[in-house]
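Asks: Fold the following and give me the result.
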Amino acid sequence: MTAYIVVRNTDGTEILEEKILSFAFRKDAYLPYTMLNARIYAASCEFDKAAEILLYIGEKLVHHGLIDTLTVTFSGGSSNVVSLISRGFTSLLCQNQIEPGLKTGVSINNLMDSFYALPYVTHEDNSDQSSYIYVKNNSTMWDGIVNLSYKHYGTYPFIRDTNCVRMTPVASPSEFRYERKQLLSTGAAITGRRLVSHFHMPNLNDEYGEFELEDADVTAEKIVRHKYIELDRQFLHDPQQALIYRDKYAARGWRRLFCSYSGYNGEDLSDIISFGDIASERIAAIEINGSSSGIVTEISVYHDKFPR
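Replies: Now for the predicted structure:
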């Protein structure tokens, strides 16, 4: 299996780069964009008009993003070494703010389509306008999508395909099943550094004591971390949900089970995977690493507090 990178210029012309020294691709249910780091041997040194990065593995486009950094190092030989970092175009959702205030009758359709035209960014078709969002100062479009997703479905939004925003699991996911002999490794990991044991929030009179949350699962780990937050007007319909949401988010990716194999078979977030003791669970993270030694894919499922 081979991988190649396309560098697209501002005028639409493209540079195809097949001599990849190494690359690391990451996609995670809690990351609002795909991420690519790569080093390539480039015959060209003309990258002054470079604007977009596309990564193909086999014939599947797995990443299409902006250039965070691109550095060309001239070695004096026939090739130049290009180092690049690219984030998917949905990263723009984290960099565009919405006018503060109460927005009623909001669906993901009008939230994504009514504010800014972001290149290559798409979303699931969902016109449910039964909720509202309260846009705080300095809030971004992604903040609004997160709030809407949680209010409608109790979920955290994620990126499917290259730049498609979803709030709900895909209805017809692909299914992947791996026997132990097909895998390079399996494993488990715990991430406890983000966990919070107690949340405190004042009421409308700026008094504490009414809205409190203690996470018994976290205190059972002997973790004591108290966090005070301002009254969250995004949840005025049910203030306690402001604490429940933060508790779930603090526990994101808490327990992870993973497997790795040689190559890449086309998995995406929300697809179904079975391996070892894992039976038909939703994929929550994908890491693909490539070098002259080949391509290795690691697939993870999460056991935390958000539904999948």
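Asks: Please make it C-alpha for all contacts and neighbour counts, starting now.
Replies: Will do.
Asks: Surely S292 and F23 touch.
Replies: No - using CA atoms under 8 Å as the test, S292 is too far from F23 to be in contact (10.2 Å).
Asks: Name the residue in those two with the higher neighbour count.
Replies: More crowded of S292 and F23, by other CA atoms under 10 Å: F23, with 22 against 9.
Asks: The more buried one reaches Y56, doesn't it?
Replies: No - taking contacts as CA under 8 Å, F23 lies outside contact range of Y56: 11.4 Å.
Asks: can you list the residues that contact the strand ranked longest in the chain?
Replies: Identified as the longest strand of the chain according to DSSP state E is strand 60-74. Strand 60-74 is touched from outside by 34-36, 45, 51-56, 80-89, 161-163, 266, with contacts defined as CA atoms under 8 Å, 6 or more residues apart in numbering.
Asks: Could you rerun that using 7 Å?
Replies: 34, 51-56, 80-89, 161-162 (CA atoms under 7 Å, 6 or more residues apart in numbering).
Asks: Now the buried members of the residues you listed.
Replies: 34, 51-55, 80-89, 161-162 (16 or more other CA atoms under 10 Å).
Asks: Tell me the buried residues in the lowest-mean-pLDDT helix or strand in the chain?
Replies: The least trusted helix or strand in the chain, going by mean pLDDT, DSSP states H and E, turns out to be strand 131-135, with a mean of 86. Buried residues in strand 131-135, counted by 16+ other CA under 10 Å: 132-135.
Asks: ditto for stretch 169-180
Replies: 169, 176.
Asks: then that stretch to CSV, C-alphas only?
Replies: This file holds the C-alpha atoms of stretch 169-180, laid out as CSV (Å, rounded to 0.1, in the frame of the first residue of the first chain):
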residue,chain,number,x,y,z
PRO,A,169,-23.6,8.3,14.4
VAL,A,170,-23.8,7.3,10.8
ALA,A,171,-26.8,5.1,10.1
SER,A,172,-25.0,2.6,7.9
PRO,A,173,-21.5,2.3,9.1
SER,A,174,-18.8,0.0,7.6
GLU,A,175,-17.9,-2.9,9.8
PHE,A,176,-14.4,-4.3,10.4
ARG,A,177,-13.5,-7.4,12.3
TYR,A,178,-9.9,-8.4,13.1
GLU,A,179,-8.6,-11.7,14.4
ARG,A,180,-5.5,-11.7,16.6
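Asks: average pLDDT for it?
Replies: Stretch 169-180 comes out with an average pLDDT of 96.
Asks: Run through who's touching that stretch.
Replies: 270-276, 308.
Asks: Helices along the stretch 151-300 of the chain, start to end?
Replies: 216-219, 240-250 (DSSP state H, counting those that start in this stretch).
Asks: in the first one, what counts as buried?
Replies: Judged by neighbour count (16+ other CA under 10 Å), helix 216-219 contains these buried residues: V218.
Asks: Extract the C-alpha set from it and format it as CSV.
Replies: Provided in CSV are the C-alpha atoms of helix 216-219 (Å, rounded to 0.1, in the frame of the first residue of the first chain):
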residue,chain,number,x,y,z
ALA,A,216,-18.3,9.3,42.3
ASP,A,217,-16.4,7.5,39.6
VAL,A,218,-13.6,10.1,39.9
THR,A,219,-13.5,10.2,43.7
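Asks: picking that back up, which of the buried ones among the contacts of strand 60-74 fall within strands?
Replies: Using DSSP E, those in strands are 51-55, 80-88.
Asks: in the longest strand of the chain, what's buried?
Replies: For strand 60-74, burial by neighbour count (16+ other CA under 10 Å) applies to 61-67, 70, 72.
Asks: Return the distance of it from the chain's centre.
Replies: Averaging C-alpha positions (CA atoms, centre = their mean, to the nearest Å) puts strand 60-74 18 Å from its chain's average.
Asks: strand partners of it, parallel vs antiparallel please.
Replies: Under the criterion DSSP bridges, strand 60-74 sits next to strand 50-57 (antiparallel), strand 80-88 (antiparallel) in its sheet.
Asks: How far off centre is the last one?
Replies: To tie it back to what came earlier, the one meant is strand 80-88. Distance, stretch centre to chain centre, for strand 80-88: 19 Å (CA atoms, centre = their mean).
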